[in-house]
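> Have a look; sequence and predicted model below, questions after that.
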Amino acid sequence: MRFTNSYKEKLKKIVIDKNLTYYIDTMGCSMSENDSSKYAGILESIGFKREENEEKANLILFNTCCIRENAENTLFGRFGTVKKYKMNNDNVYIVVVGCMTQQKHIIEKIKKSYRFVDITLGTGAMNSFPSKLYDLLKEKKKNIEFVEVTNEIEEEVPIKYDSKYKASVSIIYGCNNFCSYCIVPYVRGRERSRRPKDILNDVKKLAKEGYKEIMLLGQNVNSYGNDFKDTNYSFPNLLQDIEKIDGIEIIRFMSPHPKDFSDELIDVIKSSKKIARQIHLPLQSGSSKILKEMNRKHTKEDYLKIVNKLKNADENISISTDIIVGFPGETEEDFLDTLDVVKKVKFDQIYMFIYSKRVGTRAEKMEDNTPEEEKVRRLERIKEIYEKYLPENNKKMIGKTYKVLVEGVSKNNDKVLTGRTSQNKVVIFDGEKSNIGKIVNVEILSEHLWYLKGKIV
Ligand code: 5AD
Ligand code: SF4
């Protein structure tokens with residue numbers, strides 16, 4: 001579906017007359033950040049100006065996450081503050097969008113307890129945002145309704161990125177995997193891939209605008225194309241086509257699923273000059289028994305095989321991952337399997353989570369039998385091993401030279417530049433501000449656990 005904004009001119013007049021500003025608070029993953037860039041794009045296309053200080057903004061948009069319970073609590077905590085802004089100013093509007101508002105019980109809760117909210121929209125409802133905004137600004141009409149998740153794709157939505165050099169592009173929406181702990185398939189609908197032409201046009205446009213790094217996004221990027229009925233075009237094909245686009249120098253993607261990590265994909269990564277030497281490969285658990293309970297459709301051995309193939313393809317590839325501890329039924333023995341994978345893979349980055357029960361998922365009914373203190377202890381045990389290996393990984397980089405996209409200056413010293421290597425390692429080095437947005441060669445001099453120090457060569 002093409003994004004048509006028939007309200008654009010009518011809205012623009014109201015917004016510019018009232019001199020309205022917006023502030024977006026994003027909770028959640030890269031997909032949510034990408035959605036926020038689209039909301040920013042829509043708002044700016046109708047005349048809203050960005051305001052950095054939420055207290056001064058007219059429209060406060062919360063883009064929400066429901067992957068774990070604490071993400072939900074964050075929103076309700078934030079409501080307390082913005083309610084006050086609204087009480088003091090008639091020209092303050094509160095919009096709540098994203099994964100949380102794709103759940104019926106949340107909409108009921110907002111209707112009952114948070115009446116100051118003006119508009120709610122689910123995950124696939126950007127097309128209806130302008131009309132609802134028009135009703136609100138023109139008629140003071142609120143819109144807090146639950147709408148079933150849509151399986152549509154909205155194309156040509158205006159988009160405003162924070163960076164001028166790095167951009168994310170969604171390639172596939174939704175998820176068909178139904179991992180038993182996960183709420184995403186319920187709030188983001190079934191897998192639907194964008195047409196290759198639409199993606200390639202977006203990337204070409206970004207390259208023309210000077211963007212150097214592209215992050216391809218999807219809940220499961222390597223399922224890309226499985227839903228096409230008229231072509232066999234797949235994720236490896238898409239990567240090869242993006243590789244050909246001049247100006248784009250770094251291609252990243254997130255997240256692939258181990259079950260779809262084909263040899264063809266590994267070959268494409270190996271022969272590519274642009275695909276980043278960092279692969280984010282969610283593990284979730286190292287125990288094949290727990291992985292089965294999680295409905296992950298891969299085993300510990302499958303996971304280790306993929307990592308070995310990637311390291312054989314290029315020893316410079318760094319691996320990052322997601323791990324959940326305390327999934328229902330996870331015994332000490334199961335957890336030791338997770339630690340075993342952590343030791344074997346020597347991850348460069350681990351996002352660790354304590355299992356959080358989600359309403360409506362298959363695991364909701366499973367007995368959550370690990371005490372909270374034990375879950376926290378398991379997180380710490382992963383962290384101990386991870387932090388032991390991380391300096392070893394980093395030390396291997398010392399003395400070598402890496403291409404680094406310069407992202408900005410250090411917070412504490414504007415003579416010091418920061419950027420990331422292809423392995424997604426943060427590097428700081430002396431240099432002129434004029435290098436920002438460029439790719440420079442940096443020799444690594446020392447490692448400091450979470451970052452490296454280097455010099456331009
Ligand atoms: N509890 C804890 N972590 C979860 N994740 C997804 N669902 C849950 C849950 N119910 C984690 C997974 C996923 C990451 C984005 O969030 O590790 O890869
Ligand atoms: Fe959730 Fe599993 Fe889909 Fe990832 S692959 S979004 S963890 S259901």
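Ah, there it is. Ligands and ions are numbered 1, 2, ... in the order given.
> how about residue 352, secondary structure?
Following DSSP: H, G, I helix; E, B strand; the rest coil, the label given to residue 352 is strand.
> Residues contacting stretch 182-193, please?
Residues from elsewhere that reach stretch 182-193, judged by C-beta atoms under 8 Å, 6 or more residues apart in numbering: 31, 66-67, 99-100, 102-103, 122-124, 149-153, 171-178, 219-220, 223-228, 358-361. For the C-beta atoms, the positions are set from N, CA and C on the backbone; glycine is no exception.
> cool, stretch 128-137 as well?
Outside of stretch 128-137, the residues that reach it under the criterion C-beta under 8 Å, 6+ apart are 5-8, 10-11, 14-15, 18, 39, 42, 46, 93, 95, 97, 118-119, 121, 141-143.
> My guess is residue 29 contacts residue 67. True?
Yes - contact status for residue 29 versus residue 67: in contact at 7.3 Å, counting by C-beta atoms under 8 Å.
> ok, how many other residues are close to residue 182?
21 (other C-beta atoms under 10 Å).
> circling back: which of the contacts of stretch 128-137 are close to ligand 2?
Among the contacts of stretch 128-137, no residue lies close to ligand 2 (C-beta under 6 Å from any ligand atom).
> Show me these that map onto helices.
Among those, the members falling in helices (DSSP state H) are 8, 10-11, 14-15, 18, 39, 42.
> What distance do you get for residue 364 to residue 69?
Distance of residue 364 to residue 69, computed by C-beta to C-beta, to the nearest Å: 12 Å.
> Quickly list what's touching both of those two.
A shared contact of residue 364 and residue 69, defined by C-beta under 8 Å, 6+ apart, is any residue touching both; here these are 357-358.
> rewinding a little: mind checking which of the contacts of stretch 182-193 are in helices?
Among these, the members falling in helices (DSSP H) are residue 31.
> Name all residues that make contact with residue 114.
The neighbours of residue 114, taking C-beta under 8 Å, 6+ apart as the test, are 76, 79, 83.
> Tell me the one of the residues you listed nearest residue 400?
Within the set of those, residue 76 lies nearest residue 400; the separation is 47.7 Å, counting by C-beta to C-beta.
> So which bits of the lowest-mean-pLDDT helix or strand in the chain are buried?
Taking mean pLDDT, DSSP states H and E as the measure, the helix or strand of the chain with the lowest value is helix 69-88, at a mean of 89. The neighbour-count check on helix 69-88 (16 or more other C-beta atoms under 10 Å) flags 71-72, 74-75, 78-79, 82, 85-86 as buried.
> Of these, which is the nearest to ligand 1?
Ranking the buried residues of helix 69-88 by separation from ligand 1, with C-beta to the nearest ligand atom as the measure, puts residue 71 on top at 9.7 Å.
> residues from the stretch 151-300 of the chain in reach of ligand 1?
Taking C-beta under 6 Å from any ligand atom, the part of the stretch 151-300 of the chain that reaches ligand 1 is made up of 181-182, 282, 284.
> Most widely separated two among the residues you listed?
Within these, two members stand farthest from each other by C-beta to C-beta: 181 and 282, at 11.9 Å.
> what are the ranges of the helices in the chain?
For the chain, the helices identified by DSSP H occupy 8-18, 30-45, 69-88, 104-113, 129-139, 184-188, 196-208, 235-243, 263-271, 288-293, 300-313, 332-345, 372-395, in order along the chain.
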